[in-house]
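**Q** I would like to see how this sequence folds:
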Amino acid sequence: MKLNDFFNRLKNKDFFKEFKKENLDLFLVSVFCILSKSEKESDKITFNFYSPSKKSFFSSDYPFFEMKLIEEKETELKELFLNKQSIDIDNLKEFVEKIIGGSFSKIICFLLEDGWKLRVFRNDFFIEKIDLNKEGEIIKREKINLKDSFLNFNKKDF
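**A** A predicted model of the protein is given here:
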């Protein structure tokens, strides 16, 4: 399913319609996802909104039962338009596997107006940090070796 499909489900919920009436300036700023390779684990999707008049962030988690206040903070943000992204959630797992040339256990995804921020937990003791622009092009990629970072203990540490 595409992000727009999830977003439309949220927009059609009665609680969201009422919330939007009370917050006319509310707009979508980001989407947070945790995608699992395992079919035994369900994916997590959260839509994040900002209200300039209330100077507050709100979110709703799939399957969308409520809006939650996340943080009160004045900031300037750009609205996220889901239809302007060339990579969607329904093909993100396959896209990542092609990029990393292997398998993964989880992908932590953050979609902003300028593109995706991905953190891929590989099955080989590496995390890949991948940033994509709206067109789906890699603008930054970094591979972190977990073994060297976390599993390399010195005797003096104990």
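**Q** Packing partners of the helix ranked longest in the chain?
**A** If you go by DSSP state H, the chain has its longest helix at helix 89-100. With contacts taken as 3 or more CB pairs under 8 Å, 6 or more residues apart in numbering; DSSP states H and E, helix 89-100 sits against strand 27-36, strand 104-112, strand 115-122, strand 126-133. Quick note: C-beta positions are derived from backbone N, CA and C, even for glycine.
**Q** same thing but 7 Å
**A** Packing partners of helix 89-100 (3 or more CB pairs under 7 Å, 6 or more residues apart in numbering; DSSP states H and E): strand 27-36, strand 104-112, strand 115-122.
**Q** possible to save the ones you listed as a markdown table with distance to residue 19, mean neighbour count and mean pLDDT?
**A** What follows is the helices and strands packed on helix 89-100, written out as a markdown table (distance: least, CB to CB, whole Å; neighbours: other CB atoms under 10 Å; pLDDT from 0 to 100):
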| stretch | distance to residue 19 | mean neighbour count | mean pLDDT |
| --- | --- | --- | --- |
| strand 27-36 | 13 | 18 | 96 |
| strand 104-112 | 21 | 19 | 95 |
| strand 115-122 | 27 | 20 | 95 |
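**Q** For stretch 123-138, measure first residue to last.
**A** End-to-end span of stretch 123-138 (CA to CA, to the nearest Å): 21 Å.
**Q** List of residues touching that stretch?
**A** 84-87, 99-100, 102-105, 114-122, 139-147 (CB atoms under 7 Å, 6 or more residues apart in numbering).
**Q** Any buried residues in that stretch, and which?
**A** Buried residues in stretch 123-138, counted by 16 or more other CB atoms under 10 Å: 126-128, 130-132, 134.
**Q** Quickly check these for the two that are furthest apart.
**A** 126 and 134 (26.4 Å; CB to CB).
**Q** Kindly check the end-to-end length of stretch 95-104 for me.
**A** In stretch 95-104, first residue to last residue: 12 Å (CA to CA).
**Q** out of the helices and strands packed on helix 89-100, nearest to residue 64?
**A** Across the helices and strands packed on helix 89-100, closest to residue 64 is strand 27-36 (CB to CB), at 12.8 Å.
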